[in-house]
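**Q** Give me coordinates for this.
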Amino acid sequence: MDYNTYLQVKDILFLDIETVTNVPNFETLETRGKKLWERKSKYFQQKYELSLEESFQQKAGLFAEFSKIITISIGYFVITEQEEFQLRIKTFAGENEKEILSEFKTIIEEKFNQKILRLCSHNGKEFDFPFLCRRLLINKISLPQTLKIQGKKPWDIPHLDTLEMWKFGDRSMTSLETLSYIFGIPSSKQEMDGSMVSKVYYEEADPIPKIARYCESDVIVTAQVYLAMQCLPLVDKEQIIRTPLDIKN
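**A** Residues are numbered from 1 along each chain as shown. Model (predicted):
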């Protein structure tokens, strides 16, 4: 990939988050939380014929009010002194959500130019970006510039979404796995998928490294899908560099 092509992607930060419920199951919610989830989950219970416990296990991790972030992975493109085009991956993961979020905010504010930085995720506009905003505020952390979107016109919001890009104006929902398949990109779902994150977290020993690897794989696939959508060459596997994991407990 030449330098002019690199200029098209150098100010994009690809990201993915993994979330789990704040507590292992519905029964361990405090009384007030139980009442609020019962109210929140009526639609899911009726539509999918779920019990309160089942609705909590299957759906609560999607709502920032009832869950937490345990992993944030980011990816960005660089050109090395040897003129190699690389995708570099860094992950913030562990039990300490506030520290994870604080480090994420620090790196995007200090490493990247906030005036031109764009964030990219698959279904990010519906999930990752608003979830991050809510959990940052819940942890009493001010939003970084790239997540301050209140009052902005749609074309001024520095967010890219590969799901939205693939819709071309229709209402179809296409998974990242499907996009990786059609573009000939290796799957990120080889070890686990998103539906398994909470189960792995609460039931397996030392779950964070496994979840972090999965989160990183989703970021890699998202970045490769974005390149494919721009008709740009994909990054060679040898040029995908993962920073060693530093777990925050």
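**Q** how's the chain carved up into domains?
**A** Structural domains assigned to the chain are 3-19+68-242, 23-65, following automatic domain parsing.
**Q** longest helix in the protein, by residue count?
**A** For the chain, the helix with the greatest residue count under DSSP state H is helix 208-229.
**Q** per-residue confidence averaged over it?
**A** Helix 208-229 shows a mean pLDDT of 96.
**Q** For that helix, name the packing helices and strands.
**A** Using 3 or more C-beta pairs under 8 Å, 6 or more residues apart in numbering; DSSP states H and E as the contact test, the elements touching helix 208-229 are strand 12-21, strand 67-79, strand 85-94, strand 118-121, helix 162-167, helix 176-182, helix 197-203, strand 246-248. For glycine as for every other residue, the C-beta is placed from the backbone atoms N, C-alpha and C.
**Q** which parts of that helix are buried?
**A** Going by neighbour count (16 or more other C-beta atoms under 10 Å), the buried part of helix 208-229 is 208, 210-228.
**Q** sorry, back to before: now tabulate the helices and strands packed on helix 208-229 in JSON lines and tack on distance to Asp156 and mean pLDDT.
**A** Converted to JSON lines, these look like this (distance: least, C-beta to C-beta, whole Å; pLDDT from 0 to 100):
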{"stretch": "strand 12-21", "distance to Asp156": "17", "mean pLDDT": "97"}
{"stretch": "strand 67-79", "distance to Asp156": "22", "mean pLDDT": "95"}
{"stretch": "strand 85-94", "distance to Asp156": "27", "mean pLDDT": "95"}
{"stretch": "strand 118-121", "distance to Asp156": "12", "mean pLDDT": "97"}
{"stretch": "helix 162-167", "distance to Asp156": "16", "mean pLDDT": "96"}
{"stretch": "helix 176-182", "distance to Asp156": "26", "mean pLDDT": "96"}
{"stretch": "helix 197-203", "distance to Asp156": "33", "mean pLDDT": "93"}
{"stretch": "strand 246-248", "distance to Asp156": "33", "mean pLDDT": "81"}
